[in-house]
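> Kindly generate the corresponding structure for this input.
(chains A and B)
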Amino acid sequence: DTAVSQTPKYLVTQMGNDKSIKCEQNLGHDTMYWYKQDSKKFLKIMFSYNNKELIINETVPNRFSPKSPDKAHLNLHINSLELGDSAVYFCASSLVHSGTYNEQFFGPGTRLTVL
Amino acid sequence: GEDVEQSLFLSVREGDSSVINCTYTDSSSTYLYWYKQEPGAGLQLLTYIFSNMDMKQDQRLTVLLNKKDKHLSLRIADTQTGDSAIYFCATRGSASKIIFGSGTRLSIRP
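From the prediction side, this is the model:
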């Protein structure tokens, strides 16, 4: 019954590899997000999709490519992993309406370690 | 650009009140939030306030908003060990994007 789930929870890989993180929400939300949280706990938005359409694309290297096959899923593919990509990646979802507070529901995070 | 700032650490004695402060730059922020992150978990919404309010109370939590100074605070009364966490201030502006602060790590002393 997890509302926002991510897989895997932990990911350890070598520099230069390509990896994917998956996210699914069963809340019926129309908007999904990827955030990166570094070792100092700073949280930065990377991407946001609304109804499968990319609406937020922050300054993120081209090596990061999000894909939203449907409203309930938002996956993150990372090419040519670098040491600086090590972080915890959080997926979140919300139902976006103007005039409401639009709570974001977060997944448990994926801890990525690049060696 | 939009920015949200918080102090990084706060230590309080169990039973005392905790006050976590936040300043922001986007004057068009419609909603302002406090999220809580416990160790090894994602963020959870604790409370929020609409920009036309200056105070909101919810049990042990009191949110104060000073729009003129762009200052938001969260007061936790009777702080308990279970309140140990990182608290993120966040604002929602005209772009419907939420900007998070750096988080304040609250630790509780016995």
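
> closest point of chain A to chain B, which residue?
Closest approach between chain A and chain B, counting by C-beta to the nearest C-beta: A:F106, at 3.2 Å. For every residue, glycine as well, the C-beta is placed using N, CA and C.

> I'd like to check which residues are in contact with that residue.
A:V4, A:Y35, A:F90, A:C91, A:A92, B:G42, B:L43, B:Q44 (C-beta atoms under 8 Å, 6 or more residues apart in numbering or on different chains).

> any idea how far it is from A:S5?
11 Å (C-beta to C-beta, to the nearest Å).

> same question, B:M55
Remark: distance between B:M55 and A:S5 (C-beta to C-beta) = 36 Å.

> okay, the two: which has more neighbours?
A:S5 (15 against 9; other C-beta atoms under 10 Å in any protein chain shown).

> In contact with A:K19, which residues?
Counting by C-beta under 8 Å, 6+ apart, A:K19 has contacts A:L11, A:T13, A:H77, A:I78, A:L81, A:L112.

> re the thing from before, from the contacts of A:F106, list the buried ones, please.
Neighbour counting by 16 or more other C-beta atoms under 10 Å in any protein chain shown classes A:V4, A:Y35, A:F90, A:C91, A:A92, B:G42, B:L43 among those as buried.

> What about these, which are in strands?
Judged by DSSP state E, the subset of the buried ones among the contacts of A:F106 located in strands is A:V4, A:Y35, A:F90, A:C91, A:A92, B:L43.

> Mind pulling up the pLDDT for the fifth one?
A:A92 carries a pLDDT value of 95.

> Nearest residue to A:K40 in space, ignoring adjacent ones along the chain?
Spatial nearest neighbour of A:K40, excluding adjacent residues (C-beta to C-beta, 6 or more residues apart in numbering or on different chains): B:S102 at 7.5 Å.

> Now do whichever residue of chain B sits closest to chain A, the pLDDT please.
Closest contact between chain B and chain A, by C-beta to the nearest C-beta, is at B:G42 (3.2 Å). B:G42 is assigned a predicted lDDT (pLDDT) of 91.

> Cool, thanks, talk later.
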